[in-house]
Structure formats: structure tokens, C-alpha cells
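Enquirer: this is the structure alone, sequence omitted:
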């Protein structure tokens, strides 16, 4: 008997809790869903005050493209079928791609799904819609113009490249430093380890602007300050994506250490003690015994480092130049212009483009993210 | 683990933290006492105007910023003591407010209005996040297990999304005749503009923050609920405890360490409130401490950055966070000395 067993609940409680969860899920995903819909419409539809006009987009339908009821139904049916058969599909492909990694498999199946959906859309609009009468009439208007504008005209591909440089740098450096430190702290029992952790906790609480205030003057004048060491090759660090990595690693390091430490504490001590008795040094024990079993923790910590680097607004907007930004800070340049509603929709399309990778990350790594969120907490 | 091995493992990270965090902090402290001033020089300027009989020339003294050989303005570091702090806090205004017992007037000083907002923001969002997170965790724990995966997935979205994008997506729901504003106007039959009042802006920021952090509280509490001792609950049921009693006397005490943990993380993070100000463009009405530093650091219309003021406000922000964290660190230290950790 479980304490809140679904079977012994009064009906009212059950109904109420189901309703509550439904409302929560709606609130949780509505803003994101809504901006995705808005980004696909022309400005006149997207900023219409009528709910259904935004959803259907009459102007967009007239001037641009649309999806028919029939293809909409076909995609919905296909999605349900695909979702219910995903287990069988996984088992089928596990052999044929020859990959045992769940992530690759998942990505492959997901791409397959997207591919099928697009094919259905094209097949219906080209061949079937004309013969289906009322069902074939287009009802949901959509256009990809704004995405096109963001990625080609507004230089988003450059920003994307910068984001990629910054985030991958942050992930690689913080993981390599944090893994070593986390292991050391998890295996050391003395007050030094305790104090290091407390200081890391204090550093974690620092507002990021405090650190930037320390870096900014140095970055602006680094040319003059570093010239005694580097001569005329002394770089101006302001505006360099590579220099921003250092600041973000510094911000991220305390959190990485805490997270890695709690993962290493979960790996039984006996494992490396046994290796030590067999004559390994501490470092050899780490390399041969711990590295093979630490990957779940590393992946989780890597995910959180990725999100810190990717989501950062403050550091990048202050230390990088307006023309050479990462994706997230560049968005304020799009919506603060106060010119036309088209600009605003372009900003919305940019926002959806920024969110899409995060969406897939949650889809693929849900388990790891949950374990990361609870790692520090449940073990105290 | 021997000390030598310990240093080998922890050393790189310690050096990184020292060089990249501790040293910049020392710089910040130093900068807050100094101001970079342009060096001015008195220059004789002779200006001539074509006159009737010939040129009429006049010589006058002008103060001009001195240039170096590259043509850039020379600046000089000057020790100003607490002047930057004084400009930020405005001691006179504090004294006046204190004598007249009229603290509302302090709102006119930017720093105090930022402080006021930051602290109320932290304290108002905290109970909502905890309670809502707990209710969602209890309810999801109740549901069929096949639904839990999708629900957790959907719930994670607000938490995982880039904060500024999340706040912007809320902005686009409300801005102008956005869908929710339109709905509210239809409901109340009045004209609503959410972005021109400080209280509506604050309300939206608080709602956004609750939406953003709730999933975190939910996930942590949900994980805590899985580790609860089932026998204890069963014996409580045998003893006749109803749902409320079980919640009050077993579940909440069991989750207490987690509630403390979530509160701590939430306080740290909401003290840094910043993205909301940018996304809602609310700086004319509501600002936060971190935004204040950000504003000093970025280029203003005349092309200046107020590094010294930024450093002073950073130092004050840091003092604030230390006061906030002091009880916690003291408690951790006591636990550690008693051997609980």
C-alpha cells in the first residue's frame, strides 16, 4: 500500500489533482508554444488580439502558404502511431545502425520522424489536397520568411558560430578542471576540503555583474597591460569570444565542483581502494577504475555547463562587441529597435531558433537533467 | 588521500578559481576607490576673424583634454576614497530619511529603489515557489506512472529555457494587444497596459520568476518523495492519521532539508534578478541591483563607462549577499563541527 495510492483516493481528489496538473502543463508550455505559432505568421496575424486569428492566420493564409485539414489530420494520426510504436522501432534499429548509444538512436529516430512529417506535408499539398474537397482546403496559414530573415539577413549564422565556440569552450574547460577537483574533494576527509566547498558556495552566490566589473577594464586595456609579456602580439581581449570563455568558466567552476563531488561520492570508495591495494597510485586508480564509471556524472555536469554558457546574456553582452555577439544577447538588438512589427516577429523567430536546441536537449537528456537537479539535494 | 595527491587533483581548479574569481574581486574593490579622470591642460587658443582693417585676433585660455601620441585621451587614476559610494548611496538622503522617519523618499535614490525591489522580489517569490513546487510534486506522485515522463518533460521546459527568452515570451503574451492582455481587457472591459506601471511590471516579473523556478522545486521535491519511508506512512495510517496529518507530520518533516536547499538556491538566484528588467524594458520603472551594475558598465549615450560606480555597487551587492548567506554558512559550520556533515 502506498501512501498516496491512486486506488484509495476519493474521486473528488483524483479529479481535482488531474485538473490541476493539466492546468500546470498548459501554463508551463503555453508561452513557448505561442511564440512558435507567432513566429510562423505575418505580423498582422501574429499581433491580432483574437486568439483564433493568431492560430489560423487568415492574412498569412491568403498571402503565403497553408496547411490543409487533411494533412493536419494525417500528421496527427502518424504522430500517435509513431509514438506508440517507438519501442519496436528502437529495437529494430538497435541492430541495424550498430550503435548501442541511446542518444544516437534517439536522434536518428527523431530525425526520421521529422523527415516523415515533412514528406506527408509535401505529398498532401502537391497531390492529394486538390481531390479532397472541403478536407483539402487550407486552413492554417504559415510562412518561414521570418526564419529566413533571421538567419540570412540579420547575421544570425555568425552569432550561432560564436555561441558554438563559447559554449563548447566552457563545457570542455569546466569539465576537465571540475572532474579532477570533484574527485579530489569527494575522497578527501579533512577540513580543507570542507572550506574549499564553502568558498565555492560563496562564489556561486556572486552576481555575475560583479565579476564582469573586475574583468571589463582589464579586457579593454589588455593590449597595453600584456605588451611587456607578449610584445606587439598582445591581444585586445575585449570583443573576443575566446576570452569570454574564461569568465564563464570562472562563473561555472564552483557549481561544477559541487555537482561532480556529489556524483563521485556515489561511486563506492571500495572501488578505488581495491585498486590501490593492488598497487595502483591514486592517479592510476582514477584513470583505470573511476573514469570508466564516471560518465553519467560527466554528461550531467556537461549539460549544466552547456546551459550556463548558452543561456548567458550579461557577460557576453558586456564583453563582446555588438557586431560580433553570441545568439542570446543579439536578440535585444532585434526587438529594441522599435521600428516595425516585422522586426518584432523576426525577434520572435530568433527566440524560437535559440530555444530549439534546448528543447531537443531536454527531449534527449531528460533523465540526466533530473539526476543533476537532485544530485546536490537528495544526498544533502 | 595524501596531500600531494589532493593538490594534484584539486590544484588546477583552485588556481583557476583564485585567478579568475578572487583576483578580479580584489580589482573591483580597488577600482571602487579610484576614478579614471581625463587629464586636462590649459591651452592658449588664438582665434582670428577677418575684420575690416585686417584680421582681428583674440587669445583665450581653454581647458582641453590632453592627447597622447596616438591621439587618444590620456586618463589618470585618481584616489577618491568613498566618493563613488557616496554618489551611489547619497548619505544626506539617508540621514534625512532617517531623521524624518520617511523611508519612502529613499526610492528616489536609484540604489535604494533597486535594493527595495531586489529584496521584495526574493521574499515574495520564495513562498510561492516552495508551495507550488510541493503541490505539483505531491500531485504528480499521485498520478499513473505512465504519465509521469511526459509531465516531467513539459514541466522542465520553463526551467531549461534561456531566462531572457522565457521572459520575452511572457512579454509577447502581454505586450500591446497581446493575447492575454486582450483577454483581460475583454474580461474586465477596461483598457490595460501592463508595461507602463511599476506595479504591473513587478507583478509580471514575479509571475515569470515563479513560472521559471517552480519546475526546479517540483523535481527536487518529487525526488525526495521517492525516498520516503513507506512503513512509517503505513503505521501512521494504522494509527488513524488522515491525509492532512500524514502531510503535516511525516512528509513535510522528511522534505525539510530539501525545502531549505531549494530556498537557498532560490534566494541566491533571485537576488541576481536581471534578465527580467532587460526583457520587459522596465528600467524606467523598476530596476534591480545587478541591473544597476550592468547599467554602469555598459556604454552610455556619451560613450562613457562608469567603472568606479559599477565597482562600488558591486561591492555593496556583495555585502548584501553575504548578509543573506551568513546564517546558512554559520549553520553549515556548526553541523560540520558536530560531525553531521
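Expert: Nice, I can see it. Everything numeric in this text was worked out from a predicted model, so none of it was measured.

Enquirer: longest helix in the chain, by number of residues?
Expert: The chain I'm using is chain A. Ranked by residue count under DSSP state H, the longest helix found in chain A is helix A:341-378.

Enquirer: hmm, I had chain B in mind actually
Expert: helix B:110-142.

Enquirer: any part of the helix or strand following that one near chain A?
Expert: Note on helix B:110-142: by DSSP states H and E, the next helix or strand toward the C-terminus is helix B:145-160. Yes: between helix B:145-160 and chain A, judged by C-beta under 8 Å from any C-beta of the partner chain, the touching residues are B:149, B:151-158, B:160. Quick note: C-beta positions are derived from backbone N, CA and C, even for glycine.

Enquirer: looking at the residues you listed, which is nearest residue B:118?
Expert: Sorting these by how near they are to residue B:118, with C-beta to C-beta, puts residue B:158 at the top with 21.7 Å.

Enquirer: tell me how far that closest one lies from residue A:349.
Expert: Distance, residue B:158 to residue A:349, using C-beta to C-beta, to the nearest Å: 20 Å.

Enquirer: residue A:56 now?
Expert: 19 Å.

Enquirer: these two - which one has more neighbours?
Expert: Higher neighbour count among residue A:56 and residue A:349: residue A:349, with 26 against 19, using other C-beta atoms under 10 Å in any protein chain shown.

Enquirer: list the contacts of the more buried one.
Expert: A:39, A:146-147, A:149-150 (C-beta atoms under 8 Å, 6 or more residues apart in numbering or on different chains).

Enquirer: now for those: which two are most distant?
Expert: A:39 and A:149 (10.9 Å).

Enquirer: those two: which has the busier surroundings?
Expert: Neighbours per residue, other C-beta under 10 Å: of residue A:39 and residue A:149, the larger number sits with residue A:39, 24 against 17.

Enquirer: and the most centrally placed residue in chain B, what are its phi and psi?
Expert: The centre of chain B sits closest to residue B:272, judged by C-alpha atoms, centre = their mean, with a distance of 1.7 Å. Note on residue B:272: backbone dihedrals following degrees, to the nearest 10 are phi -90, psi 10.

Enquirer: what's the spacing between it and chain A?
Expert: Separation of residue B:272 from chain A (C-beta to the nearest C-beta, to the nearest Å): 5 Å.

Enquirer: list the contacts of the nearest residue in space to that residue that is not next to it in sequence.
Expert: Excluding the flanking residues, the one nearest residue B:272 by C-beta to C-beta, 6 or more residues apart in numbering or on different chains is residue A:207, at 4.6 Å. Counting by C-beta under 8 Å, 6+ apart, residue A:207 makes contact with B:271-272, B:274, B:289-290, B:293, B:314, B:317-318, B:321.

Enquirer: please repeat the previous calculation with a cut-off of 10 Å.
Expert: A:213, A:314, B:118, B:268, B:271-274, B:288-291, B:293-294, B:313-314, B:317-318, B:320-321 (C-beta atoms under 10 Å, 6 or more residues apart in numbering or on different chains).

Enquirer: and it, backbone torsions?
Expert: On the backbone of residue A:207 - angles per degrees, to the nearest 10 - the values are phi -60, psi 140.

Enquirer: please apply the same query to residue B:298.
Expert: Per degrees, to the nearest 10, the backbone of residue B:298 is at phi -90, psi 160.

Enquirer: mind checking which helix or strand residue B:284 is in?
Expert: Going by DSSP H and E, residue B:284 is not in any helix or strand.

Enquirer: which residues of the chain score low on pLDDT?
Expert: No chain was given, so I picked chain A. Within chain A, the stretches with pLDDT under 70 are A:1-8, A:94-103, A:129-130, A:133-136, A:231-232, A:335-340, A:376-380.

Enquirer: that's the other chain; I wanted chain B
Expert: B:1, B:38-39, B:65-74, B:303, B:339-341.

Enquirer: quick one, domains of it?
Expert: Each domain of chain B is listed here as a residue range: B:1-31, B:109-297, per automatic domain parsing.

Enquirer: tabulate those in TSV, adding columns for distance to residue B:90.
Expert: TSV is the format used below for these (distance: least, C-beta to C-beta, whole Å):
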stretch	distance to residue B:90
domain B:1-31	20
domain B:109-297	5
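
Enquirer: which one, of those, ends up nearest to residue A:310?
Expert: domain B:109-297 (7.1 Å).

Enquirer: can you give me how far the closest one is from the chain middle?
Expert: For domain B:109-297, the separation from the chain centroid amounts to 15 Å (computed by C-alpha atoms, centre = their mean, to the nearest Å).

Enquirer: just the terminal-to-terminal distance for that domain.
Expert: Terminal residues of domain B:109-297 lie 19 Å apart, using C-alpha to C-alpha, to the nearest Å.

Enquirer: what about the strands in chain B?
Expert: Here chain B has its strands, by DSSP state E, at B:34-38, B:40-50, B:55-65, B:75-79.

Enquirer: right, and the ones you listed - which one's nearest chain A?
Expert: In this view, those are compared for proximity to chain A by C-beta to the nearest C-beta, and strand B:34-38 is the closest at 8.3 Å.

Enquirer: in terms of secondary structure, what does the closest one contact?
Expert: Packing partners of strand B:34-38 (3 or more C-beta pairs under 10 Å, 6 or more residues apart in numbering or on different chains; DSSP states H and E): strand B:55-65, strand B:75-79, helix B:83-89, helix B:307-337.

Enquirer: partner strands of that strand, parallel or antiparallel?
Expert: Neighbouring strands of strand B:34-38 in its sheet, by DSSP bridges, are strand B:75-79 (antiparallel).
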